[in-house]
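**Q** Quick one, fold the following:
(one chain, ligands or ions: 1)
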Amino acid sequence: MSGNKSIRYNFHNFIGTNKQVDHTEIVMKEKLATLSFSDGSPSIDFPIFGGTIGPDVIDVRSLYAKTGKFTYDPGFMSTASCRSNITYIDGDEGILLYRGYPIEQLAEKCDFLEVAYLILNGELPNKNQKFEFDDIVTKHTMVHDQMNFFFRGFRRDAHPMAVLCGVVGALSAFYHDSINIHDEKSRDIAAFRLIAKLPTITAMAYKYNMGQPFMYPKNSLSYTENFLYMMFGNPCEEYKVNPVIARAMDRILILHADHEQNASTSTVRLAGSTGANPFACISAGIASLWGPAHGGANEAVLKMLDEIGDVKNIPDFIKRVKEKDGQAMLMGFGHRVYKNYDPRAKLIQKTCHEVLEELDMKDNKLIKLAMALEKIALEDDYFIKRKLYPNVDFYSGIVYKALGIPVSMYTAIFALARTVGWIAQWKELIADPEQKLSRPRQLFTGSKRREYVPFAKRK
Ligand code: ACO
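**A** Numbering: from 1, shown residues only. As a prediction, the model looks like this:
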């Protein structure tokens, strides 16, 4: 706010009928943004708002009413679609904060459900709150037993993300009692159901692919231990969770829990703005996450490493990437927001080394290949000039591979972790009094009006 005199406006968020649940301040700066036109039309002023940190925004909501013109911003390069209290990213500095706390501290000191509580509620839980939260999540982990039959409708080799989109959307058919978005209690129950059941559903998708029986969740285990148990356990023998692996997986879930207004989160918000139920909204988010430019990149990294095959082939591959032959891209590099090292990539690199050490896989060919590729790319002018650094997906796939998780499951695990962020963002949207149906406009470049031509007269 550097020396600007400013006027403070208070906004009150309400959930359901007039219940105040949050209190946020945004700052209207005294200066204005003035838009002028070269054709002599009168210039127009727009207010500027400031958040707590990060760039100010120019409030252009009245632009169309005042000028009859829209803004044009494909890919939302310069557009803030909402205000949010949850996650902050400084892409130039490589900073990621959940509710103000640096990701490095949370990844080091918390478990996933502690971070989930923070993301959802805005504050770290005290001991009792944590106990209660964990208990509620644990007691919602089982899915409706009829879902076992629902799974049978999928082909055995169905991609887990396809299964997740379908099954999570179908939760609205199994849990009718929690789809009333205007009821606060109903929203909370849906949130708990989604967070608790996602590991169960993700593990079921894996077991279904493998042709193994589904494992029921075990209430004596933590959230992440339970997920590993449902993935790797089987009814024939006891499965002991390795604490190093459980900690690594827990950290991966923390690192993926939220990432402000990325494509899948914006999809969830857009679906939510129509009043769609939370299960449908999260299913839409899963579909959006699937793409290789977003959550699907971890899968693509492994495919790329397989294709490169050996350290000696890296220069050739990099050459193809730089020549932009349309086929090769350095997957796991680059980010729309981070123009610096993705802080999550640093943390996951450390986790990756811990896992490989524990599993006695330090000399693993894949990790050597990934490290060599990273080093060469970080020293190459093409990547330096474009500020292309490794992102979170560059290393997560290697950890999953070391754990024996098939490539097709990688994005599904991302979806399981991100569900917490999606729900927090969805709840924030519902409680936001400024929330409106999301409806972008367009610059139309198609045919002008023309008359119908009968078949006989068409060329
Ligand atoms: N490999 C090679 N070149 C790249 C890469 C890459 N991974 N990423 C960007 N570039 C190049 C572009 O070709 C472009 O070059 P140009 O200026 O010569 O035309 C320049 O860098 C800028 O790229 P944009 O596409 O404009 O950047 P944008 O912000 O739109 O893209 C994206 C970001 C989609 C993530 C891109 O970097 C990418 O596709 N990376 C690989 C996929 C990936 O790892 N995605 C995961 C993102 S993290 C997440 O969602 C969890």
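
**Q** Mind telling me which residue of the chain is nearest the ligand?
**A** The minimum distance from the chain to the ligand, using Cβ to the nearest ligand atom, falls at residue 334 (2.3 Å). From N, CA and C alone the C-beta is placed, and that goes for glycine too.

**Q** surely that residue meets residue 388?
**A** Yes - if you go by Cβ atoms under 8 Å, residue 334 and residue 388 touch, sitting 4.5 Å apart.

**Q** Show me which residues of the stretch 351-459 of the chain sit near the ligand.
**A** 386, 388, 391, 392, 393 (Cβ under 6 Å from any ligand atom).

**Q** Which members of the residues you listed are the farthest-apart pair?
**A** Of all pairs drawn from these, the one with the longest distance (Cβ to Cβ) is 386 and 392, at 18.5 Å.

**Q** neighbour-wise, which of those two wins?
**A** residue 392 (25 against 11; other Cβ atoms under 10 Å).

**Q** Identify the residues contacting the closest residue to the more buried one other than its chain neighbours.
**A** Spatial nearest neighbour of residue 392, chain neighbours left out: residue 344 (4.0 Å); criterion: Cβ to Cβ, 6 or more residues apart in numbering. Residues near residue 344 by Cβ atoms under 8 Å, 6 or more residues apart in numbering: 96, 103, 255, 256, 391, 392.

**Q** Now tabulate those residues in CSV and tack on secondary structure and pLDDT.
**A** Below are the contacts of residue 344 laid out as CSV (DSSP: H, G, I helix; E, B strand; the rest coil; pLDDT from 0 to 100):
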residue, secondary structure, pLDDT
96, strand, 96
103, helix, 97
255, helix, 96
256, coil, 96
391, coil, 89
392, coil, 87
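
**Q** And the helices in the stretch 301-450 of the chain, which stretches?
**A** Using DSSP state H, counting those that start in this stretch, the helices of the stretch 301-450 of the chain run over residues 314-323, 343-358, 365-379, 381-385, 393-402, 410-431.

**Q** can you put these in JSON lines and add mean pLDDT?
**A** Shown next, in JSON lines, are the helices of the stretch 301-450 of the chain (pLDDT from 0 to 100):
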{"stretch": "helix 314-323", "mean pLDDT": "93"}
{"stretch": "helix 343-358", "mean pLDDT": "91"}
{"stretch": "helix 365-379", "mean pLDDT": "89"}
{"stretch": "helix 381-385", "mean pLDDT": "94"}
{"stretch": "helix 393-402", "mean pLDDT": "88"}
{"stretch": "helix 410-431", "mean pLDDT": "97"}
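
**Q** Get me the contact residues on the stretch 101-250 of the chain for the ligand.
**A** So the stretch 101-250 of the chain never meets the ligand (Cβ under 6 Å from any ligand atom).

**Q** now the top helix by length along the chain, how far from the chain's geometric center?
**A** Looking across the chain with DSSP state H, the single longest helix is helix 184-210. How far helix 184-210 lies from its chain's middle: 16 Å, per Cα atoms, centre = their mean, to the nearest Å.

**Q** Give the other helices and strands that that helix contacts.
**A** Judged by 3 or more Cβ pairs under 8 Å, 6 or more residues apart in numbering; DSSP states H and E, helix 184-210 is in contact with helix 127-138, helix 147-151, helix 160-174, helix 223-232, helix 278-289, helix 410-431.

**Q** circling back: contacting residues for the residue of the chain closest to the ligand?
**A** 386, 388, 389, 391 are the contacts of residue 334 under Cβ under 8 Å, 6+ apart.

**Q** residues contacting the first one?
**A** With contacts taken as Cβ under 8 Å, 6+ apart, residue 386 has the following neighbours: residue 334.

**Q** mind checking the SS state of residue 153?
**A** Under the three-state scheme (DSSP: H, G, I helix; E, B strand; the rest coil), residue 153 adopts coil.
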